[in-house]
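> make a model of this:
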Amino acid sequence: MMKELTASLRFRLVTAFLLVSLPPMVFAAQLASQAVATAFEQNVATWLGESSAYFINNVRDTEQEAAAIGHYIGEQTPAIAQVIDEGRPLPTAITQLIDSIGYDFLAIYNADRKMIYSSRPITSMVNFQFSRDHSLARVQIGERAFIMSYGLQPFQYKGVPYYIMLGTWFDEDDLGALAAVKDLQLRLYYRDDDGFRAFFSSREHTPALLDSETAAALEGGATTYFNPHAENGHYVGLYTALRGSDGKMNAVLFCGLTSYESLTSWINRTNLFLIILVTGTALAVLAGIAVSRRLTHPLHALATGVKAVARGDYRQRVKVEGRDEVAELATAFNDMAERLAKTQEIENQLRRQQRLSALGEVAVGIAHEVRNPLGVIKTSAQLLQKRGHLPETDERLLSHVADEVRRIDDLISEFLTFAKPRPSILQPLDPVPVIRRAADFCAPEFEKRHVTFAIHDQAPGSMVDADEDHLFQVFLNLFLNAVEAMPNGGNIRAVRDKGNGEMHIAISDTGAGIPADVQDKIFNPFFTTKEHGSGLGLAKVFTIMESHRGSVELSSAPGRGTTFTLAFPLKAQTPDDAAYDSAG
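Residues are numbered from 1 along each chain as shown. A predicted model of the protein is given here:
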């Protein structure tokens, strides 16, 4: 099996195609992996930068919104007086308003920044300005610590300045769309005596201090620092420096993707090189297979066609594709097969005619030799019957003799009609009236057997050259066969249509069908499946259709009925015929 494969033309074509394409494939994979890896890292860095900007802008928007709401509260003089003058909490309506819009904390400070009112019992608060304009705060309430994004709004009461602080705990709700990214880590570091310490993290497992290499890179003046192997390869991260009004870096924002849970874990130059090389090689093999198939498929088809013709199947044809030498060879093969088929058809017709001619000569001799003694036997039997006074048993035997002689004579007459038929006299006619005539003749048998008959004419007015009597015999034989195939009743349908220069008349029944193993013998003389049949009915149909330069085909399946399709050369319509059809 392996030797046959390696020796095949297709295998050699695929191998040659692969060997030719492999060196440039390696070079292209190297360049492509480098370009894709670089582009991917740049895209990841850009996306992380946009995520960092989204985080900073979210803090800014929270501060601006909180300041606007604080301005509104500062204008509510009765409520402010209730806090400052009377030392009582803010009215319930204001606290409910704050809760409904999603804020967690409200405080009022005096001019010395001393808290004189707090909506929650705060243990401690550490404010942290991480850029020129933005601040966060760490709030301790009991044993729980919160990171708060807040806005501070000044206002005056009785000419004295005060401040309203309105804030919300900073959690995944404040991260917005970033919180939906499962592998995204956001972390904020602030400067203290030991370096940069983690102040806020959106995930657990946060390093307490920023690594010195990253801090040094940003302290040198860089705005961002991209590290595809941050924190020992756990992240692909972007570090953004946050500077105060004096230009000093106060904080560092880290935005990273978890590498071992994302595409970044395997999108590197080595993996990309292997993927591109393997994919390219597979595509090269597939292309080689496709090309080899394109080249060898017509050759396989030709080989199959030659084998079929060698077996005697001259209907075999090869599909012609393209205009190359193989296509020319396929065209020549089809012409050869067509000529062989015509030659076989002519030979079959000659053999059939020779057999019928010899059969006719023998039939005439046998009929002459058989009919003479049959006539004597028949006359003797009739004379004995006329004498009378015979016993009843002898009378019955003589009657049987006369009946059997008559049956043999009819059979000889039918045989002579088949063996030496009258030549067909072809004249232009419409077959549908002949069909109706045969159906009317069989009408008593149809009624007796509970058979219905219908004609569907889809080519009205079409004419053929035919012998009306012979055509009547064809339809009569087909109708009688159909009736005998439906002993319990059924339907017979005649359908006429035309196409490709031919008229087709299909006679169908709903009988039990003809077994597949006898269908190729059904038109042979003396072949019958009936108990008392002569086997000449369908043979006559075949002979008559040949004399009309037509054909008959059988289509049958057990339990699905039988259809005989008659094909006649369609008579070209003359101007007189067209005028007759129009007048009719």
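> quick one, what contacts Glu231?
Contacts of Glu231 were listed using CB atoms under 8 Å, 6 or more residues apart in numbering, and they are Pro207, Asp211, Gly237, Gly256. For glycine as for every other residue, the C-beta is placed from the backbone atoms N, C-alpha and C.
> farthest-apart pair in those residues, please.
Spatial extent of those (CB to CB) is set by the pair Asp211 and Gly256 at 12.8 Å.
> neighbour count winner among these two?
With neighbours defined as other CB atoms under 10 Å, Asp211 and Gly256 compare such that Gly256 has more, 24 against 16.
> pretty sure Gly102 contacts Gly167?
No: with contact defined as CB atoms under 8 Å, Gly102 does not reach Gly167; the gap is 11.0 Å.
> between these two, who's got more neighbours?
Shown here are Gly102 and Gly167; by other CB under 10 Å, Gly167 has more neighbours (27 against 12).
> next up, the contacts around the more buried one.
Ala66, Tyr103, Asp104, Phe105, Leu106, Ala137, Val139, Met148, Ser149, Tyr150, Gly151.
> may I ask which of those has the most neighbours?
Most surrounded of the contacts of Gly167: other CB under 10 Å gives Tyr150, at 26 neighbours.
> ok so that one is a helix residue?
No: Tyr150 is assigned strand when assessed by DSSP: H, G, I helix; E, B strand; the rest coil, not a helix.
> so who does it touch?
Here Tyr150 is in contact with Thr62, Glu63, Ala66, Phe105, Ser135, Leu136, Ala137, Met165, Leu166, Gly167, Thr168 (criterion: CB under 8 Å, 6+ apart).
> pretty sure the fifth one sits against Asn127.
Yes: if you go by CB under 8 Å, Ser135 and Asn127 touch, sitting 6.1 Å apart.
> neighbour-wise, which of the two wins?
Taking Ser135 and Asn127 together and counting by other CB under 10 Å, Ser135 has the greater number of neighbours (17 against 14).
> is that one in a bridge, and if so with what?
Note on Ser135: beta-bridge partners by DSSP bridges are Gln129.
> relative to Ala341, how far out is it?
According to CB to CB, to the nearest Å, Ser135 and Ala341 sit 96 Å apart.
> how about Thr258, nearest residue that isn't a chain neighbour?
In this structure, Thr258 finds its nearest non-sequential neighbour in Asp183, 4.1 Å apart by CB to CB, 6 or more residues apart in numbering.
> could you report the neighbour count for the one you found?
16.
> Arg549 too?
By the measure other CB under 10 Å, the count of residues near Arg549 is 14.
> with Thr123 instead?
Look at Thr123: counted by other CB under 10 Å, it has 12 neighbours.
> so what's the backbone phi/psi at it?
Thr123 has phi and psi values of phi -80, psi -40 when expressed as degrees, to the nearest 10.
> what about Gly461, distance to Pro391?
Distance of Gly461 to Pro391, computed by CB to CB: 66 Å.
> ugh, wrong one, I meant Asp517
Remark: distance between Asp517 and Pro391 (CB to CB) = 50 Å.
> can you check Asp112 too?
Taking CB to CB as the measure, Asp112 falls 157 Å from Pro391.
> and if you look at Met545?
Relative to Pro391, Met545 is positioned 52 Å away (CB to CB).
> domain assignment for this protein?
Listed by automatic domain parsing, the domain ranges of the chain are 364-419, 427-583.
> nearest to Ala230, of those domains?
Closest approach to Ala230 among the domains of the chain is made by domain 427-583 (74.7 Å; CB to CB).
> quick check: mean pLDDT of the closest one?
The average pLDDT for domain 427-583 rounds to 81.
> kindly report the same for stretch 380-395.
For stretch 380-395, mean pLDDT is 69.
> and if you look at stretch 213-226?
Stretch 213-226 shows a mean pLDDT of 87.
> endpoint to endpoint, that stretch covers what distance?
12 Å (CA to CA, to the nearest Å).
> go on, stretch 66-80?
When the termini of stretch 66-80 are compared using CA to CA, they are 17 Å apart.
> could you list the buried residues of it?
By neighbour count on 16 or more other CB atoms under 10 Å, the buried set for stretch 66-80 is Ala66, Ala67, Ile69, Gly70, Ile73, Gly74, Ala79, Ile80.
> what's that stretch in contact with?
By CB under 8 Å, 6+ apart, the residues outside stretch 66-80 that reach it are 90-91, 94, 98, 101, 103, 106, 108, 149-155, 157, 162, 164-168.
> now do that stretch, average pLDDT.
86.
> so which of the buried residues of stretch 66-80 are in helices?
Mapping the buried residues of stretch 66-80 onto helices (DSSP state H) picks out Ala66, Ala67, Ile69, Gly70, Ile73, Gly74, Ala79, Ile80.
> could you look up the SS state of the residue nearest to Pro569 when sequence neighbours are not counted?
Nearest non-adjacent residue to Pro569, counting by CB to CB, 6+ apart: Arg549, 5.6 Å away. Here Arg549 is recorded as coil under three-state DSSP.
> for Phe155, same thing?
Under three-state DSSP, Phe155 falls in the strand class.
> surely it is in contact with Tyr162?
Yes: counting by CB under 8 Å, Phe155 does reach Tyr162; the two are 5.7 Å apart.
> return the member of the contacts of Tyr150 nearest to Asp465.
Out of those, the member with the shortest distance to Asp465 (by CB to CB) is Thr62, at 98.3 Å.
> any idea which element the closest one lies in?
Element membership of Thr62 [criterion: DSSP states H and E] is helix 9-74.
> please enumerate the strands of the stretch 301-450 of the chain.
Here the stretch 301-450 of the chain has its strands, by DSSP state E, counting those that start in this stretch, at 427-429.
> for the residue nearest to Ile425 when sequence neighbours are not counted, grab the count of nearby residues.
Closest residue to Ile425 apart from its sequence neighbours, by CB to CB, 6+ apart: Asp467 at 5.1 Å. Look at Asp467: counted by other CB under 10 Å, it has 20 neighbours.
> tell me who's in contact with Asp467.
Counting by CB under 8 Å, 6+ apart, the residues that Asp467 touches are Ser424, Ile425, Leu426, Gln427, Ile544, Ser547, His548.
> right, and the fourth one touches Asp469 too?
No: under the criterion of CB under 8 Å, Gln427 is not in contact with Asp469, lying 10.9 Å apart.
> what's across from Leu106 in the sheet?
On the basis of DSSP bridges, Leu106 is bridged to Leu166.
> report the separation between it and Glu86.
Distance, Leu106 to Glu86, using CB to CB: 17 Å.
> what of Val464?
Distance of Val464 to Glu86, computed by CB to CB: 118 Å.
> and these two? Which one has more around it.
Ranked by neighbour count (other CB under 10 Å), Val464 and Glu86 place Val464 first, with 23 against 8.
> chain neighbours aside, what residue packs nearest to the more buried one?
Phe568 is the one closest to Val464 (CB to CB, 6+ apart), at 4.2 Å.
> as CSV, the contacts of Gly167 with distance to Ala198 would be great.
As requested, those are exported to CSV (distance: CB to CB, whole Å):
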residue, distance to Ala198
Ala66, 24
Tyr103, 25
Asp104, 22
Phe105, 22
Leu106, 28
Ala137, 16
Val139, 17
Met148, 16
Ser149, 17
Tyr150, 20
Gly151, 24
